[in-house]
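J.: pasting the structure only:
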């Protein structure tokens, strides 16, 4: 009589073990590779699917320097007002410097008789 290694009972056990390993592997794959987006989003961060990375969101106000709730037009108007004030201050300083230069020239001209 021929002794068989793969009897029907052994084949059944082998298939059940193989099925268990594949099902466990699929579960581990799902937890560690398939669903990290869920863990990332529940922690309050954003999932970047293209690079499979969990990233922290950055507020636009941190990048642009705008106050929270301020529109782009309002921020632009505020910046323009600041720039106009700086330009007016620089123009006043230039006028004062020019006037001081004229006064000094007139004083020197009066002293030298030119």
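T.: That came through fine. What you see is a predicted model, and the numbers here were worked out from it, not measured in a lab.
J.: Please work out the average pLDDT along stretch 65-76.
T.: Averaged across stretch 65-76, pLDDT comes to 82.
J.: How far off centre is stretch 39-57?
T.: Put simply, stretch 39-57 sits 12 Å off its chain's centre (Cα atoms, centre = their mean, to the nearest Å).
J.: For it, buried residues please.
T.: residue 40 (16 or more other Cβ atoms under 10 Å). Just so you know, the C-beta spots here come from the backbone N, C-alpha and C atoms, and that holds for glycine as well.
J.: buried stuff in stretch 83-103?
T.: Neighbour counts over stretch 83-103 (16+ other Cβ under 10 Å) mark no residue as buried.
J.: for the record, mean pLDDT for that stretch?
T.: For stretch 83-103, the per-residue pLDDT averages 95.
J.: and it, how far out from the chain's middle?
T.: Put simply, stretch 83-103 sits 41 Å off its chain's centre (Cα atoms, centre = their mean).
J.: Now name the helix or strand holding the residue nearest to the spatial centre of the chain.
T.: The residue lying closest to the centre of the chain (Cα atoms, centre = their mean) is residue 58, at 4.3 Å. In the assignment (DSSP states H and E), residue 58 maps to no helix and no strand.
J.: Which residue ranges of this protein form helices?
T.: Using DSSP state H, the helices of the chain run over 8-29, 36-42, 60-64, 72-112.
J.: Export the ones you listed as TSV, with columns for distance to residue 48.
T.: What follows is the helices of the chain, written out as TSV (distance: least, Cβ to Cβ, whole Å):
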stretch	distance to residue 48
helix 8-29	20
helix 36-42	9
helix 60-64	17
helix 72-112	26
